[in-house]
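Student: the following block contains a protein sequence and its predicted model.
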Amino acid sequence: MHIDKAKKRIAKQVNKGFRGFPLIAIEYFGNTANVATEVVVQFTLEEESQAQEERFASQGDARENETIQTSLVKIIERAGANSVTQVSGVTLIK
């Protein structure tokens, strides 16, 4: 899947807002605010249940990595997520 198409599909799901569980939460991490070298995806099946977490790392910006973005789309689809949230920007790694 092309990077722009994957990013648009993720953004479309995020823009729908919270619509119940299952929930996918996406957060990008990096050493600077300009480059996200890691992405964390959390899956929560139902309220008050333990979230399952998966991490992806990239040498460059994970937000521009076609493989990672395509994987995020597939995770969202396979999980049957009703809601997808995304933390804006890049969370700095300390």
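Tutor: Yep, it's here.
Student: pLDDT weak spots in this protein?
Tutor: Of all residues in the chain, none has pLDDT under 70.
Student: contacts only, for the residue nearest the centre of it.
Tutor: What sits nearest the mean C-alpha location of the chain, by Cα atoms, centre = their mean, is residue 26, with 3.0 Å. Contacts for residue 26 (Cβ atoms under 8 Å, 6 or more residues apart in numbering) come out as 10, 14, 39, 40, 41, 72, 84, 85, 86, 87. Where you see a C-beta, it was placed from the backbone N, CA and C, and this is true even at glycine.
Student: OK, contacts around the third one?
Tutor: Right, the one you point to is residue 39. 26, 27, 28, 29, 55, 56, 58, 62, 63, 68, 72 are the contacts of residue 39 under Cβ under 8 Å, 6+ apart.
Student: quick one: secondary structure of the last one?
Tutor: Using DSSP: H, G, I helix; E, B strand; the rest coil, the three-state assignment for residue 72 comes out as helix.
Student: and it, how many neighbours?
Tutor: 24 (other Cβ atoms under 10 Å).
Student: ok, residue 21 next?
Tutor: For residue 21, the neighbour count with other Cβ under 10 Å is 15.
Student: confirm it sits in a strand?
Tutor: No: secondary structure of residue 21 (three-state DSSP): coil, not part of a strand.
Student: would you confirm that it contacts residue 44?
Tutor: Yes: counting by Cβ atoms under 8 Å, residue 21 does reach residue 44; the two are 6.3 Å apart.
Student: ok so, going back, could I get the buried residue list for whichever strand or helix holds the residue nearest to the centre of the chain?
Tutor: Remark: residue 26 resides in strand 23-30, with elements defined by DSSP states H and E. For strand 23-30, a neighbour-count test (16 or more other Cβ atoms under 10 Å) marks 23, 24, 25, 26, 27, 28, 29, 30 as buried.
Student: can you redo those residues as JSON lines with distance to residue 76?
Tutor: Formatted as JSON lines, those follow (distance: Cβ to Cβ, whole Å):
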{"residue": "23", "distance to residue 76": "10"}
{"residue": "24", "distance to residue 76": "5"}
{"residue": "25", "distance to residue 76": "11"}
{"residue": "26", "distance to residue 76": "9"}
{"residue": "27", "distance to residue 76": "14"}
{"residue": "28", "distance to residue 76": "16"}
{"residue": "29", "distance to residue 76": "19"}
{"residue": "30", "distance to residue 76": "22"}
